[in-house]
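Q: Just the structure for this:
(one chain, ligands or ions: 1)
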Amino acid sequence: MKSPTPECLLSVRNLTHCFSGKTPQVNGVSFDINAGEFVSIIGPNGSGKSTVLRLIISELQPASGEIVIQGKSLRSMKPQERARSVAFLTQHDNADLRLTVSEYVALGRIPWQVEYSRAEHEKIITDAINDVGIAHLKAVSLGKLSGGERQRAGFARVLAQQPALLLLDEPTNHLDPLARHQLLSLIKHKNMTTLAVLHDLELIQPFSDRVLMMNQGEMVCRGTPAQVLDSAWLEQVFGMQSLHVTHPTSGKTLRIFEALPSEMK
Ligand SMILES: Nc1ncnc2c1ncn2[C@@H]1O[C@H](COP(=O)(O)OP(=O)(O)OP(=O)(O)O)[C@@H](O)[C@H]1O
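A: Numbering: from 1, shown residues only. Just a heads-up that it's a prediction; the model follows:
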């Protein structure tokens, strides 16, 4: 039997953005994400990763190009429809630090306000807070949280939003090593369609279905984690090399990353 064609959830075509000057900071970027996929964007500082995400949430307007979510052009969507379609987790969300964790996570429910009863909203909020392991902090204000606790609260907010597409911009900042794995596993197990900017190359293989690599505003390489992390682009773009080691018990191939000696002079 033929397997069903995967549903294309996000389609980005020829996206270009220029903050200033003649050189675009995002230049002719195109990619698709299918429903349920976890796709990572990697690239050095300033390569345009966050700008791509900010274009997808309409915080920035592209100079040219098209963004289509669930078959509908982003440009034609009203703000509420956009908020139901896309959730964005970033370091800089300017939330009011006097809000308690519960109040902050409840912001994720605003796009769905009239469709659900109060009890349904509360259950979704409580479940999201429990899922990220901060139930004991639900009545604490954001200003009194550590960086990692605040980041967990951010995860809870985007989970509560129940978006079609989840955008994560460096979501593992502030998280301890176990929490990084736990929270990305949580997103994976919920099968949320996700586009994540990740700096930590060690996290790419375990969580990504596909990887997009950017350099100087362009998408230079794409493929499975193995295809991208073992490509010559890793050395060319990052100045890093990927070494393979075998896990002593599972026999799995693991990658470790090392700076090229020529980059360390
Ligand atoms: N508001 C702005 N005004 C002018 N230039 C900007 C602005 N925001 C970003 N840029 C420039 O656009 C380029 C891409 O920035 P972007 O934040 O997308 O990079 P990034 O790949 O996410 O980097 P990082 O890994 O450091 O977060 C950079 O050269 C940056 O200086």
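
Q: can you give me how far stretch 169-180 is from the chain middle?
A: Offset of stretch 169-180 from its chain centre (CA atoms, centre = their mean, to the nearest Å): 12 Å.

Q: Residue 242: what's it in contact with?
A: By CB atoms under 8 Å, 6 or more residues apart in numbering, residue 242 lies in contact with 201, 229-230, 234, 255-257. Quick note: C-beta positions are derived from backbone N, CA and C, even for glycine.

Q: Which members of the residues you listed are positioned in helices?
A: Using DSSP state H, the members of the contacts of residue 242 that fall in helices are residue 229.

Q: Identify, from the contacts of residue 242, the entry nearest to residue 103.
A: Nearest to residue 103 among the contacts of residue 242: residue 201, at 36.1 Å, using CB to CB.

Q: I'd like the distance from residue 264 to residue 85, if you could.
A: 44 Å (CB to CB, to the nearest Å).

Q: the more surrounded of these two?
A: Higher neighbour count among residue 264 and residue 85: residue 85, with 20 against 8, using other CB atoms under 10 Å.

Q: I'd assumed residue 76 was in contact with that one.
A: No: the pair residue 85 / residue 76 is not scored as a contact, 11.8 Å apart, by CB atoms under 8 Å.

Q: Compare the contacts of residue 242 and tell me which is most surrounded.
A: Among the contacts of residue 242, the one with the most neighbours (other CB under 10 Å) is residue 229, at 23 neighbours.

Q: is the nearest residue to that one once chain neighbours are set aside in a bridge, and if so with what?
A: Leaving aside its chain neighbours, residue 229 sits nearest to residue 242 (5.0 Å; criterion: CB to CB, 6 or more residues apart in numbering). Residues in a beta bridge with residue 242, per DSSP bridges, are residue 257.

Q: Could you do residue 69 as well?
A: Residue 69 has these beta-bridge partners by DSSP bridges: residue 10, residue 72.

Q: before we move on, what about residue 33?
A: Under DSSP bridges, the beta-bridge partners of residue 33 are residue 10.
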